[in-house]
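Undergrad: Quick one, structure for this:
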Amino acid sequence: MNLVKDIPELINAGVISPETAGKIRDYYGEKGGQSTNRLFVVFGILGAILVGLGIILLLAHNWDEFSRTAKTCWAFLPLLIGQVLCGFVLIKKPESVAWRESGTAFLFFAVGASISLVSQIYHMPGDLGLFLLTWMLLCLPLIYVMKSSIASLLYLIGITCYAAETSYWTYPATESYSYWILLLTILPHYNLLSKTNPESNFMVFHNWIIPLSVVIALGTVAGQTDELMVPAYFSLFGLIYLIGELDFFTRQRPANNGYKVLGLVGTIVMLLTFSFDWFWEHLRKEDFPWNEVFTSPEFLAAFLLTLSGIGLLVINLKNSSLTDIKPIGVVFLLFIVIFIIGLSSSLSVVLVNILVFAIGMLTIRDGARRNNLGILNLGLLIIAALVVCRFFDTNLSFIIRGGLFVSVGIGFMATNYWMLKKRNPNG
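TA: Model prediction:
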């Protein structure tokens, strides 16, 4: 059925009035225009990137045949083209998202190409970390001058690569504290995007890339007391999850809420990882220099993240009742208690396993209460993952392992059958 084509028939039959028919036509016309505009933006950005890469490849093929002066001119040519293109957009096409984003994407890569070519021509010393930092700083104004979200996304990816390069991939590693300052510079654009275009694809990508970038970069603060990064990461995932529970994000589709998904998955994966005894055995043997622990960057990161998580939890409690708070949202607080116990006792590994099982059961109950098969099966999946982890635990016999698998399998079938029966009593 095509509603727009059926409008004349509906008018003749008296089902809708001519005014309603006009509104329907306007609505579907606007909807189709938005879809076309989105495709135009995507293809414009891809086209600009491909053109830029094509120019670089053409230059690379004949590079050795050019003189130094010619090489310098060619090095600045993509940059000049990109600036002219962005200037044209600002003057002639300021309201066109497709022109703005594609022109900015071209200039963004032109800046990186020009830096690398000039460095190669004149044999300027430097490393990849310095190159990425210079590139991102030069492209930062593009985000606000061009009001470009593609520049913002590329900038986020760039500063994340910079943090990883300086702290993970380079030996000897150095602290990349400047990453956190660079990250703050993107927040005004992110805030403006959330107000002007909260349901756009650019907003969805930001909702995923920002928390993922922070998760990757948090490990760069690890130093002598890296064991403290475990509660720090738990607090980070709890904070991310609680951000995803804010009204602004809960109104969006689950797939668009990167904060909630990453917070949930990160918390569960970490709980399952530390449901084994290897970490806790190492922790009990560790001799911490307590006079240095409280001034270490790891402790400061854990403290600030925990404090932020508590603050956001209080805000969520003000906007909803205590029963509406999901167990994932308070795991970071419970884990701090378990971590302190684990410093001197093997009871911590038992508590982690109980916590994972409790989260699974509470999730199953929540799914049954909401009549939601997805949430119910998520709870079953958490318990199944815990059973799989215990399968590789050498302290359990094969009979107990097999019994656990059978129990979980029966649980999957029984709960899904019960839920489907509840939905369709006559089926």
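
Undergrad: Secondary structure element holding the residue nearest in space to the middle of the chain?
TA: In the chain, the residue lying closest to the centroid (C-alpha atoms, centre = their mean) is W208, at 2.8 Å. Using DSSP states H and E, W208 falls within helix 201-218.

Undergrad: how much space between V352 and E199?
TA: In this structure, V352 and E199 are 38 Å apart, going by C-beta to C-beta, to the nearest Å. No exception for glycine: its C-beta is placed from N, CA and C like everyone else's.

Undergrad: quick revisit: contacts for the helix holding W208?
TA: 38, 149-150, 152-153, 156-157, 159-160, 163-164, 176, 179-180, 183, 186, 190, 193-194, 197, 229, 232-233, 236-237, 240, 243, 249, 252, 256-259, 262-263, 266, 301 (C-beta atoms under 8 Å, 6 or more residues apart in numbering).

Undergrad: quick one: buried residues of that helix?
TA: 202-215, 217-218 (16 or more other C-beta atoms under 10 Å).

Undergrad: I'd like the next helix or strand past it.
TA: Once the chain leaves helix 201-218, the following helix or strand, as judged by DSSP H and E, is helix 229-244.

Undergrad: Tell me what angle that next one forms with helix 201-218.
TA: Counting by axes from the mean of the first three to the mean of the last three C-alpha atoms, to 10 degrees, helix 229-244 lies at 160 degrees to helix 201-218.

Undergrad: what about helix 229-244, average pLDDT?
TA: For helix 229-244, mean pLDDT is 94.

Undergrad: other SSEs contacting the next helix or strand after that helix?
TA: Per DSSP H and E, helix 229-244 leads on to helix 247-250 as the next helix or strand towards the C-terminus. Counting contacts by 3 or more C-beta pairs under 8 Å, 6 or more residues apart in numbering; DSSP states H and E, helix 247-250 is packed against helix 258-273.

Undergrad: Could you pull out the buried residues of the next helix or strand after the helix it packs on?
TA: For helix 258-273, the following helix or strand on the C-terminal side (DSSP H and E) is helix 278-285. Residues of helix 278-285 classed as buried: F279, W280, L283 (neighbour count, 16+ other C-beta under 10 Å).

Undergrad: same thing with stretch 132-145?
TA: Buried residues in stretch 132-145, counted by 16+ other C-beta under 10 Å: L132, L133, T134, W135, M136, C139, L140, L142, I143.

Undergrad: ok, the second one - contacts?
TA: For L133, the set of contacting residues under the criterion of C-beta under 8 Å, 6+ apart consists of Y162, S178.

Undergrad: To which secondary structure element is it assigned?
TA: Per DSSP H and E: helix 128-145 holds L133.

Undergrad: chain center to stretch 166-185: distance?
TA: 19 Å (C-alpha atoms, centre = their mean, to the nearest Å).

Undergrad: coming back round to it: how much space between the residue nearest to the centre of the chain and W135?
TA: Shown here: W208 relative to W135, a distance of 22 Å by C-beta to C-beta.

Undergrad: quick one: low-confidence ranges for this structure?
TA: Along the chain, the parts satisfying pLDDT under 70 run over 1-49, 51-66, 171-173, 321-324, 393-405, 408-409, 411-427.

Undergrad: Restricting to C-alpha, output the helix holding L133 in CSV.
TA: What follows is helix 128-145, C-alpha atoms only, in CSV (Å, rounded to 0.1, in the frame of the first residue of the first chain):
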residue,chain,number,x,y,z
LEU,A,128,54.0,9.8,14.7
GLY,A,129,52.7,11.1,18.0
LEU,A,130,53.9,14.7,17.3
PHE,A,131,52.5,14.5,13.8
LEU,A,132,49.1,13.5,15.0
LEU,A,133,49.1,16.2,17.7
THR,A,134,50.1,18.9,15.2
TRP,A,135,47.5,17.7,12.7
MET,A,136,44.7,17.7,15.2
LEU,A,137,45.5,21.1,16.6
LEU,A,138,45.6,22.6,13.1
CYS,A,139,42.2,21.0,12.3
LEU,A,140,40.5,21.9,15.6
PRO,A,141,39.3,25.3,14.3
LEU,A,142,37.6,23.6,11.4
ILE,A,143,35.0,22.2,13.7
TYR,A,144,33.8,25.6,14.8
VAL,A,145,34.5,27.7,11.8
